[in-house]
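**Q** Give me the fold of what follows.
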Amino acid sequence: PTAPGRGAARRPTPHCNPANTIHDGRWCDNFEDHWPSAYYPEVLISYATGRREGDAPGCGPGMLYCKRICELLEANDINTFSGLHVPAGTHWKVFLLKLNSRFANCKVLIVVVSPALYASIPCLTEIFNALSSKKVVKIIPILFENPLPRSDDQWTKVQAHDLKA
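**A** You can find the predicted model right below:
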């Protein structure tokens, strides 16, 4: 595949969803034009991958939930960014730049709520950064799975240093 910004003809399209990140051997147009430095959409999606028996390592239902949200928003001309958009080998904390940096344009953080969320330090960090942002970020939780852990069983391994960007 052609790397973003190299070789492929650029076409003006403002959208990209994770379902078509690589299409016909090219990166989708949005990534060619905007990834990684200038792509700051208004909607970000935080999800914990989770894992079921039979899932490959690093794959799970959270990815599917996030992908579906991206597809629904994309179908309504709403740009998004999630961990699904982060290229392999790139640290997940690039998400925080889209959320809470001087260039950030995030107005909404959609949180995929599942039991896996409550074991995910990266998700908690993303939520914490949205709450502590100097810009107003509306957080919209969407419940995908029950039962959720009791409050005493949520984020039990979190330490104070885990919440720093």
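
**Q** Excluding chain neighbours, what is closest to M63?
**A** In space, and not counting its chain neighbours, M63 is closest to T49: 5.6 Å by C-beta to C-beta, 6 or more residues apart in numbering. For glycine as for every other residue, the C-beta is placed from the backbone atoms N, C-alpha and C.

**Q** The one you found: neighbouring residues, count only.
**A** When counting by other C-beta atoms under 10 Å, one arrives at 22 neighbours for T49.

**Q** OK, contacts around it?
**A** Counting by C-beta atoms under 8 Å, 6 or more residues apart in numbering, T49 touches 58-63, 116.

**Q** Just the buried positions in the helix or strand where F95 lies, please.
**A** Take DSSP states H and E as the rule and F95 turns out to sit in helix 94-100. By neighbour count with 16 or more other C-beta atoms under 10 Å, helix 94-100 contains the buried residues 95-100.

**Q** for the residues you listed, which one is nearest K138?
**A** Nearest to K138 among those, counting by C-beta to C-beta, is L99 at 12.3 Å.

**Q** Surely that closest one is in contact with L131?
**A** No. Counting by C-beta atoms under 8 Å, L99 sits too far from L131 to count as a contact (10.6 Å).

**Q** Where does the residue nearest to M63 sit: helix, strand or coil?
**A** Using DSSP: H, G, I helix; E, B strand; the rest coil, the structure places T49 in coil.

**Q** Give the closest residue to L124 in space, chain neighbours not counted.
**A** The shortest distance from L124 to any non-neighbouring residue, by C-beta to C-beta, 6+ apart, is to W155 (5.6 Å).

**Q** The one you found contacts A119, correct?
**A** Yes. In this structure W155 lies within contact range of A119 using C-beta under 8 Å: 7.3 Å.

**Q** In this structure, mark out all the strands, start to finish.
**A** Along the chain, the segments classed as strands by DSSP state E run 22-23, 26-27, 43-46, 80-82, 108-113, 138-143.

**Q** Of the ones you listed, which is nearest L124?
**A** strand 43-46 (9.2 Å).

**Q** What strands flank that closest one, and is each parallel or antiparallel?
**A** The pairing partners recorded for strand 43-46 under DSSP bridges are strand 80-82 (parallel), strand 108-113 (parallel).
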